[in-house]
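1. Build me a model from this:
(chains A and B)
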Amino acid sequence: MFTAGAESLLQQAREIQAEELRKFCSRVSKLLREEDLGPDAVDCLRRLFLIVSATKYNRRLDKTCVDLLQATLCLPVCPEPLQVLCAAILREMSPSDSLTLSCDHTQSTRQLSLVASVLLAQDDRTEEVRTVAQHILRALESRQPEGPSLRHLLPVISKVVGLSPGVLQEDQTTLLSKRLTDWLRYASVQQGLPHSSGFFSTARARQPGPITEVDGAVATDFFTVLSTGHHFTEDQWLNVQAFSMLRAWLQHSGPEGPGAPDTDDKSELEGSTLSVISATSAAGRLLPPRERLREVAFEYCQRLIEQSTRRALRKGDSDLQKACLVEAVLVLDVLCRQDPSFLYRTLSCLKALHGRLSGDPACVRVLLPLARFFLTHGEAAAVDSEAVYQHLFTRVPAELFHSPMLAFEFVQFCRDNLHLFGGNLSILTLSFPNLFKFLAWNSPALTAEFVALLPALVDASTAVEMLHALLDLPCLTAALDLQLRSWPAPSERPLWDTSLRSPSCLEAFRDPQFQGLFRHLLRPKASGTTERLAPLHQLLQPMASCARVAQCAEAVPTLLHAFFSAVTQIASGALTNQLVLLLLERSDSLYRVPQFEARVHRVLSSQFLALCKLKPSLVVELARHLLEFLGSVSGVHSRASMVTGVVWAVGEYLSVTYDRRCTVEQINKFFEALEALLFEVTQSRPSAALPKCPPQVVTVLMTTLTKLASRSQDLIPRVSLLLSKMRTLAQSPAASSPHGDEGAEAIHTRATELLNLLKMPSVAQFVLTPSTEVCSPRYHRDVNTALPLALRTVSRLVEKEAGLLPG
Amino acid sequence: MVHAFLIHTLRAPHAEDTGLCRVLYSCVFGAEKSPDDPRPHGAERDRLLRKEQILAVARQVESMCRLQLQASGRPPMDLQPQSSDEPVPLHEAPRGAFRLAAGDPFQEPRTVVWLGVLSLGFALVLDTHDNLLLAEGTLRLLARLLVDHLRLLAPGANLLLRADRVEGILTRFLPHGQLLFLNDQFVQGLEKEFSAAWPR
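-> Next up, the predicted model:
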């Protein structure tokens, strides 16, 4: 479809030179001046359209050409393709300061509509919107029976009102409301005559018969968008358009006026009104136009709901029925907000509808606006919202996570209606495992949505479970794929990745031994417990290269950041400790998707440091666990960023300034553990199994050991010995291969600086363990206050004075 | 209401990055207002902004489509379909929706609904509270009409020089961006009208 020929065509259109364009414009002008506007003119205008639209930069067309385009648009008789092209070219050039187009010269409503499309694209520079609106209304006011077709005008009004809500005056709004009421309620119930019927049609053709419902039966009541026939009358067309713009119009002309927000205290009004409202409809009474429109809108929606129970003969109509149901519920919601007296009648109708639809998976998308309706008006109506949410949050995500449109709408529903959940937010927070299924399956489209939604989902009681769930998200994707494969095959195309076959994984999924773990992973609600899913990580390894799993894995770091920024707002001291322990534990228990571990480690390490900064005393409180972590050497190479973070935090926060409970014994214990770690890391030879240790790990170990020594000064001789050894090691040729020349250089430099610093123990203490009075007047943190610079400065001072110092 | 409709190229997911995503046709219904900006806007600058916004949407749709196809393990899209008589299986075509935050790239938050048909992407830019079911149905209808009436399956066909037909379809089925509740018979009626004005 898009061949190289088309690419070159675009290229040509973009690169046309000014001179050539001028010639082309004059050719177009010549053709447009002719009496007979034939296919040549159309062809030229097509090319002109391409030239104007192909580039994002402006094209200067000759004034004569532009004037002729405008004139052609307003000709009384002109083939439609030409007029449409003129309008399109003028619109593509917009906004433009050189247009002289106006609605005054139009000869038909179709032309008026085309001219309006050009004028409305002008950015409202000279009040075009208002002008267009006035013209349209004038045309609508004229009630000639053989008059111009109004079909082309309603969409313009709808657009105008959307662009500029205050553009219509009160009486104009009332007039339009009246006309809309007529079109919605009193459209003809006979089929229209075919266009071609004329002088020679037979008597039978003059009586086309009544309209039908979508299932073929004769229509039982007034005409709606779900009424069918072979041909349609003008007012039936207007009925369709009127309903299409109804919701926007109701919102625009509502009692709150354009732009006013909903208020929560409507529910009080609703509650008090319900008790005095009678159940009879107000159809018989004479109502002012707006109220009448609302009444008619209500009847129309009820009729649509009734019509949607019919079994449509065509698929297109069946799809339309669902769209109509959604719209009907949305319109009823608007009506009930504007006039609480509708609530009583609406509720019984919608409750019945909900009952009917809950069992039908094809109609699940209608449940969302229904749920929103019950959420909004539930208080006044004492609706059992529990039952509504139960079904929605428990069953729907678990069964239908794979539908991209439903997933999007569901998450939008959660995001947009947070304020309506009120005290019931726990329904949302406890359902996070189910919501994550949408995310795991459709991660590219939903990651941004979840980043915005996470702050609402995060809760102190489920935070730990949620963090586990986020770290296991790619694993969830794999499990969902297996679940789909093991469900009875649908009639359509398979929903899972057909290019990937992993019989071993499928067997594992069905193996009773692992049922418990899979069930935990696929649970619908937060269970309050955590399970170690490490066996599943291994079992599902073959699926780690699957594209969907990889996409999910890419999204996890972003989600983790969002999670942590939300949880730090609400975390107590105890929860912070729990989260830190979780971080440390999970850092070597992750599903092995390529690059996933490295990325997650980076995030976990930076979040660990952030948590330590928030609560420095956790280093002392969790000293035992940190020691254990540091003792497991085999993990160092694969968890380099984590180890660096932990070691740095120990050096920074294991001191009395941050927690009075810090003992010398603890400092000594950590010293020994870190010393052993440093020894292991530098002595072990790099091999294929153990990749080389990054030099940052070595330097941070050395710095931390020095910091600890500055706090417990008996350790200074040991540390000095260690540092000299390191310096020698770094200089030896054997060191440059594992760490690279730069790495060895850095280690050597750092060791030297630390040794120099230790020659003056009190200065060392000041630099490495500054007390809070020293730290707090730092008005900004920048490179100048960083430790490496301080070390370097002291070092240089010491070396300069080396001759003057004793020993 | 629909703010914009666009058609753009979709490149195969595993192909080398030859060329860029091209917008083949776009139509913006009405202009986005910028009430708070006191600077007088150059008309050219506004137009440039509009074009850039549309291109940003096209690129995002392309990447969403590519990711979806990769995730479902489908083979790279054929640039040429098997035969021009085969009806395009639109109900199996990749499709989706995503939200655009305020300011990125449109002033107000908007929703994009998209559909991928062979190597073309179709997208509608909507307001956030529009009826998504209706929008999806309308988009599928527009895609079907465009593929049929522009014979996009025939080899060597392209829509660059046939914008008049695209416009004709849009003025009937999405007039001024208004989503219409059209049942099958209405659609047929409109299609007949269109064919009368644009004979094949």
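
2. so what's A:Gly254 up against?
-> With contacts taken as CB atoms under 8 Å, 6 or more residues apart in numbering or on different chains, A:Gly254 has the following neighbours: A:Val334, A:Arg337, A:Gln338. (Each C-beta comes from the backbone N, C-alpha and C, glycine too.)

3. what ranges do the strands span in chain B?
-> Ranges of strands in chain B, per DSSP state E, are B:2-9, B:23-28, B:95-100, B:110-117, B:120-127.

4. Report whether the second one contacts chain A.
-> Spelled out, that is strand B:23-28. Yes - judged by CB under 8 Å from any CB of the partner chain, strand B:23-28 and chain A are in contact via B:Leu24, B:Tyr25, B:Ser26, B:Cys27, B:Val28.

5. Next: the third one.
-> Yes - using CB under 8 Å from any CB, strand B:95-100 reaches chain A at B:Arg95, B:Gly96, B:Ala97, B:Phe98, B:Arg99.

6. Check the residues you listed and tell me the two furthest apart.
-> Spatially, the most separated pair among the residues of strand B:95-100 next to chain A is B:Arg95 and B:Arg99, at 15.4 Å (CB to CB).

7. residue boundaries of the helices in chain B?
-> B:43-71, B:132-149, B:163-173, B:184-197 (DSSP state H).

8. avg pLDDT for the second one?
-> Across helix B:132-149, pLDDT averages out at 94.

9. Same question for the third one.
-> Rounded to a whole number, the mean pLDDT of helix B:163-173 is 93.

10. Quickly check: that helix near chain A or not.
-> Yes - applying CB under 8 Å from any CB, one finds helix B:163-173 in contact with chain A at B:Ala163, B:Asp164, B:Glu167, B:Gly168, B:Thr171.

11. Now do the contacts for residue 168.
-> Unless you meant another one, I'm taking chain A. When contacts are counted by CB under 8 Å, 6+ apart, A:Leu168 is found next to A:Ala133, A:Leu137, A:Val161, A:Leu176.

12. that answer is for a different chain, and I need it for chain B
-> By CB under 8 Å, 6+ apart, the neighbours of B:Gly168 are A:Glu80, A:Pro81, A:Val84, B:Phe194, B:Ala197, B:Trp198.

13. swap the cut-off to 6 Å and go again
-> Taking CB atoms under 6 Å, 6 or more residues apart in numbering or on different chains as the definition of contact, the neighbours of B:Gly168 are A:Val84, B:Phe194, B:Trp198.

14. Any stretches of the stretch 701-807 of chain A with poor pLDDT?
-> Within the stretch 701-807 of chain A, the stretches with pLDDT under 70 are A:733-740, A:771-785, A:802-807.

15. for the helix or strand harbouring A:Val646, packing partners?
-> Here A:Val646 sits within helix A:640-653, counting by DSSP states H and E. For helix A:640-653, the helices and strands in contact under the criterion 3 or more CB pairs under 6 Å, 6 or more residues apart in numbering or on different chains; DSSP states H and E are helix A:596-614, helix A:695-711.

16. Go through those and pick out the most buried.
-> Across these, averaging neighbours per residue (mean count of other CB atoms under 10 Å in any protein chain shown) puts helix A:695-711 on top, at a mean of 23.

17. angle of that helix against helix A:640-653?
-> Between the axes of helix A:695-711 and helix A:640-653, defined by axes from the mean of the first three to the mean of the last three CA atoms, to 10 degrees, the angle is 20 degrees.

18. and helix A:695-711, what does it pack onto?
-> With contacts defined as 3+ CB pairs under 6 Å, 6+ apart, the secondary structure elements packing on helix A:695-711 are helix A:640-653, helix A:664-683, helix A:716-731, helix A:733-758, helix A:761-768.

19. can I get those helices in a markdown table with mean neighbour count and distance to A:Ala54?
-> Output for those, formatted as a markdown table (neighbours: other CB atoms under 10 Å in any protein chain shown; distance: least, CB to CB, whole Å):
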| stretch | mean neighbour count | distance to A:Ala54 |
| --- | --- | --- |
| helix A:640-653 | 23 | 49 |
| helix A:664-683 | 17 | 61 |
| helix A:716-731 | 17 | 62 |
| helix A:733-758 | 18 | 51 |
| helix A:761-768 | 17 | 65 |
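
20. about what we covered before: going by neighbour count, which of the residues of strand B:95-100 next to chain A comes out on top?
-> Each of the residues of strand B:95-100 next to chain A was scored for neighbours by other CB atoms under 10 Å in any protein chain shown, and B:Gly96 scores highest at 24 neighbours.

21. beta partners for that one?
-> When assigned by DSSP bridges, B:Gly96 has beta-bridge partners B:Trp114.

22. Is it correct that it is in contact with A:Pro404?
-> Yes - B:Gly96 is in contact with A:Pro404 according to CB atoms under 6 Å; the separation is 4.3 Å.

23. what number of residues lie near A:Lys315?
-> Summarising burial for A:Lys315: neighbours were counted as other CB under 10 Å, giving 10.

24. returning to what we had before: output the helices and strands packed on helix A:640-653 as TSV; include the columns distance to A:Ile570.
-> Supplementary listing: those in TSV, determined by distance: least, CB to CB, whole Å:
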stretch	distance to A:Ile570
helix A:596-614	12
helix A:695-711	31
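
25. Now, of the residues of strand B:23-28 next to chain A, which are buried?
-> Among the residues of strand B:23-28 next to chain A, those classed as buried by 16 or more other CB atoms under 10 Å in any protein chain shown are B:Leu24, B:Tyr25, B:Ser26, B:Cys27, B:Val28.

26. Which phi and psi values does B:Gly73 adopt?
-> Dihedral angles of B:Gly73 (phi, psi; degrees, to the nearest 10) stand at phi 70, psi 20.

27. Looking at the helices and strands packed on helix A:695-711, which is nearest to A:Asp43?
-> helix A:640-653 (64.0 Å).

28. just the angle between the closest one and helix A:596-614, please?
-> Counting by the same axes, to 10 degrees, helix A:640-653 points 10 degrees away from the direction of helix A:596-614.

29. Average pLDDT for helix A:640-653, rounded please.
-> In this model, helix A:640-653 has an average pLDDT of 89.

30. between it and helix A:761-768, how big is the angle?
-> On the basis of the same axes, to 10 degrees, helix A:640-653 is oriented at 120 degrees to helix A:761-768.
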